[in-house]
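J.: Output the structure for:
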Amino acid sequence: MMPNGRRVREPETEAQPTLDDLIAVRLSRRDLMRGALVAGAVAGFSAPFVAGDAAAEGFEFPEVEAGVDETHHVAAGYEAEILLRWGDPLFPDAAPLDPRAQDAERQRRQFGYNNDFVGYLPIAGSSEHGLLVVNHEFTNSELMVPGLGPQSRKTSLNLLSREQVAVEIAAHGGSVVEIRREGGRWRPVLGSPYARRITAETPMEMTGPAAGHPRLRTVEDPEGRRVLGTINNCSGGLTPWGTWLSGEENFHYYFVGNLPEGHREAENAKRYGLGQPFYGWGRFHDRFDLAKAPNEPNRFGWVVEIDPFDPHSVPKKRTALGRLKHEGAAGIVAKDGAYVVYLGDDERFDYVYKFVTAGRVDPHHPAANRDLLDAGTLYVARFDADGTGRWLPLVHGTGGLDAGAGFETQADVLIETRRAADILGATRMDRPEDIEANPRTNRVYVMLTNNGRRQDEQVDAANPRPKNAFGHIIEMLPEGEDHAATSFRWEILLRCGPPASGATFSAATSESGWFGMPDNCAIDGRGRLWVATDGNSRKATGRADGIWAVETEGPRRATARHFFRVPIGAEMCGPCFTPDDETFFVAVQHPGESDDDAIPTSFDQPSTRWPDFEPGMPPRPSIVAVTRKGGGAIA
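T.: Residues are numbered from 1 along each chain as shown. Alright, predicted model coming up:
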């Protein structure tokens, strides 16, 4: 997910071919069924992972027609209710959005911008009363500020005033909102004691192995343990002990200037893409100027743990989970009680990770799990061509991660997680985004959005298409169905995109059912997979982004059905169910952007004014609550 809806060019990462890179696409069950012999397949490797024989309950709903227009669409028989919009008051004394009189103080008491991850935490076990936690990833100044006009990377750095930058800072972070369903309608509880806005200036604590390390210290924080705020919060996860994990993704966009000549962080900064800023915050805040605060970027790119039930709690950046462009942080309990968090690094040619706690989850005493994420082992995945894989430990002193490679301590390994994974020879993937484990089947689904830079000689078994414009989905099964295991089996569930692109949707998939660019995903209470997309457009696929239900079991495996469609320019994020599966929350991000770079948009000329459709009111990122007419479980 990128500012202004454009896929901003990310830093090139040099491919490091392994033996697997010399082997083309491995055989999958569907390839065999279709008689398609894949070039370069090697005889004699083990049989591909085959799904279980027991078919899950299939999806039943009238499919939405694919297309692009100014509004949203949901399957017939369902209602899509706008629950929260950018600028909606979260406190009784908060003002409603007035885009011509917006300031930072107002924004700190309103729902933030560009909602991404959504999590529902029930109160007293209820599916009709709970806390909604929402990430606010980034801001679109051209759609927020009247008269600013269309923006490019260069102009967006220099045109905003100090107060407009302050509004952007306040619109980042996250929101905690108490919500209740009464009379069939969801509403926020404005007088809630849980209500909270987290911004890019909220004080936070660094914890875990890297906390206090000299590379995290700054003039403002000489101990390296306190940091202001969180930025570019993409997807995330909820823990069994009731906390919210929020992943910091494209933090490199926020830093202007250059590192001092010969600075030790130069290579580290290059590996994370610093030097291509999108935001001009450094004009007014020294901590976002590399020349003045060279260690500040090392304080971002972490998973943040937040207690939504305690509005006075200090969010914690859990450094044990590594520093990367975190797309999400979804977890599951392993057989021995350890907590396992799956992590994707959303960049072309980067990696899939997991973290396994050293301690065990105590299901009866939530407070006992408070610091569980501060100790454990971070792993990176290697996908082998025979359909097996290994989790490689990112542990100081092993696998070449030592002083000779520039890693003096485990803190260095975590601050430079990407370089450590490079050294271990992990498999370079096609933009790993959300990763979710299915608690019913223990299969793990990896969303790989795309990678137009992969060349013919760079394809491998897990990334089989050069110039992969439409992405794919990998299905993994841990050894012994134990998520703490260090080996797994895998296969490609779907190659996405139009039929003519080499996509592998089943023959039962309709013209509206196929999709490109998988991004977020969710598993419902019946163990079924729902996929949200980012990057579909009139130009790319002839359709808007949305939600597709994907069959993973039985004869309808790899069949997709279109359930929800976003308005033009928007991206689909945050799929999340209530425990009874009767409400499906989705996040519509950056509506009103251009879906064609040749047609720029702005506050005054957006591509849509969804969801208000009022003159003078800009398009507003929003959370939508989807329910079935007459009640009942979704699909």
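
J.: number of nearby residues for A358?
T.: 11 (other CB atoms under 10 Å). In this view, the C-beta of every residue, glycine as well, is placed from N, C-alpha and C.

J.: would it count as being in a helix?
T.: No - counting by DSSP: H, G, I helix; E, B strand; the rest coil, A358 is located in no helix; its state is strand.

J.: Now stretch 124-142: buried residues?
T.: Judged by neighbour count using 16 or more other CB atoms under 10 Å, the buried positions of stretch 124-142 are 127-142.

J.: Could I get the pLDDT score of the nearest residue to I82 once chain neighbours are set aside?
T.: Of all residues not flanking I82 in the chain, P611 sits nearest, at 4.9 Å (CB to CB, 6 or more residues apart in numbering). pLDDT for P611: 98.

J.: Just to check, P611 is in contact with M617?
T.: No - contact criterion CB atoms under 8 Å: P611 and M617 do not qualify, at 9.6 Å.

J.: got a pLDDT number for L448?
T.: At L448, pLDDT is 98.

J.: and it, what is it in contact with?
T.: Shown in contact with L448 (CB atoms under 8 Å, 6 or more residues apart in numbering): 429-433, 463, 468, 471-474, 518.

J.: For the residue lying closest to E249 once chain neighbours are set aside, what is the enclosing helix or strand?
T.: The shortest distance from E249 to any non-neighbouring residue, by CB to CB, 6+ apart, is to C234 (3.9 Å). Per DSSP states H and E: C234 is located in strand 233-238.

J.: which residues sit against that strand?
T.: Strand 233-238 is contacted from outside by 1, 116-117, 119, 121, 133, 135-137, 172-174, 244-250, 303-304, 326-331, 341, 346, 433-434, 520, 573-574, using CB under 8 Å, 6+ apart.

J.: What is the neighbour count of the residue nearest to E249?
T.: The number of residues packed near C234 is 28, by other CB under 10 Å.

J.: gap between it and G574?
T.: The gap separating C234 from G574 is 10 Å, by CB to CB, to the nearest Å.

J.: joint contacts of these two?
T.: Counting by CB under 8 Å, 6+ apart, the common neighbours of C234 and G574 are 116-117, 135.

J.: What is the nearest of those residues to S607?
T.: Lowest distance from S607 to these (CB to CB) belongs to D116, with 20.0 Å.

J.: With A587 as the reference, measure out to that closest one.
T.: Note on D116: its distance to A587, by CB to CB, is 6 Å.

J.: Need the residues touching each of those two.
T.: 134, 573-574.

J.: measure the residue nearest to I82 to M572 for me?
T.: As judged by CB to CB, P611 and M572 stand 14 Å apart.

J.: of the two, who's got more company?
T.: Each of P611 and M572 has its neighbours counted (other CB under 10 Å); M572 has more, 28 against 20.

J.: can you pull out the helices in this structure?
T.: Remark: helices assigned in the chain by DSSP state H are 29-34, 104-107, 141-144, 153-158, 162-171, 266-271, 410-415, 417-424.

J.: who wins for proximity to L494 among these?
T.: Nearest to L494 among the helices of the chain is helix 29-34 (9.4 Å), distances taken as CB to CB.

J.: Surely V624 and L83 touch.
T.: Yes - applying CB under 8 Å, one finds V624 in contact with L83, separated by 6.5 Å.

J.: residues shared between the contacts of these two?
T.: F585.

J.: Which one of these two is surrounded by more residues?
T.: Neighbours per residue (other CB under 10 Å) separate V624 from L83, with V624 holding more: 26 against 23.

J.: Run a quick check on V189 versus I179, I expect a contact.
T.: Yes - between V189 and I179 there is a contact under CB under 8 Å: 6.7 Å.

J.: follow-up on the earlier one: against L259, how distant is the residue nearest to I82?
T.: Counting by CB to CB - P611 and L259 are separated by 43 Å.

J.: which non-adjacent residue is nearest T202?
T.: Among residues not flanking T202 along the chain, G229 sits closest, at 5.4 Å (CB to CB, 6+ apart).

J.: Identify the residues contacting the one you found.
T.: Shown in contact with G229 (CB under 8 Å, 6+ apart): 169, 172-173, 199-202, 204.

J.: For ChimeraX, write a command that selects the buried ones of those residues.
T.: In ChimeraX, this line selects whichever of those come out buried by 16+ other CB under 10 Å:
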select :169,172,173,199,200,201,202,204
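
J.: Restricted to strands, list the contacts of G229.
T.: The strands, defined by DSSP state E, take in 173, 204 from the contacts of G229.

J.: Any chance of CSV for the contacts of G229, columns distance to R543 and pLDDT?
T.: Output for these, formatted as CSV (distance: CB to CB, whole Å; pLDDT from 0 to 100):
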residue, distance to R543, pLDDT
I169, 35, 98
H172, 30, 98
G173, 32, 98
T199, 35, 98
A200, 34, 98
E201, 39, 98
T202, 38, 98
M204, 39, 98
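
J.: okay if I get the contacts of G229 as CSV plus distance to A104?
T.: Output for the contacts of G229, formatted as CSV (distance: CB to CB, whole Å):
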residue, distance to A104
I169, 7
H172, 11
G173, 12
T199, 9
A200, 11
E201, 9
T202, 13
M204, 19
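
J.: Let me know the closest of the contacts of G229 to A95.
T.: T199 (16.8 Å).

J.: least trustworthy helix or strand in this structure by mean pLDDT?
T.: When the helices and strands of the chain are compared on mean pLDDT, DSSP states H and E, helix 29-34 comes out lowest with a mean of 31.

J.: is it true that L321 touches V341?
T.: Yes - the pair L321 and V341 qualifies as a contact (CB under 8 Å) at a distance of 6.3 Å.

J.: what sits in contact with each of those two?
T.: Taking CB under 8 Å, 6+ apart as the contact rule, L321 and V341 both touch 303, 329, 355, 373.

J.: From the residues you listed, which land in strands?
T.: Short answer: the shared contacts of L321 and V341 in strands (DSSP E) are 303, 355.

J.: Most neighbours among the shared contacts of L321 and V341, please name it.
T.: Going by other CB under 10 Å, A329 tops those with 30 neighbours.

J.: In contact with that one: list those residues for me.
T.: For A329, the contact set (CB under 8 Å, 6+ apart) comprises 235-237, 245-247, 303, 321, 341-343.

J.: next one: K539
T.: Neighbours of K539 in contact, by CB under 8 Å, 6+ apart: 595-596.

J.: Could you measure from it over to R153?
T.: Using CB to CB, K539 is found at 20 Å from R153.

J.: For the stretch 351-500 of the chain, just list every one of the strands.
T.: With DSSP state E, counting those that start in this stretch, the ranges of strands along the stretch 351-500 of the chain come out as 352-360, 376-383, 388-393, 429-430, 432-437, 444-448, 472-478, 487-495.

J.: The fifth one pairs with which strands, and in what direction?
T.: Okay, so that is strand 432-437. Strand 432-437 has the following sheet partners, assigned by DSSP bridges: strand 444-448 (antiparallel).
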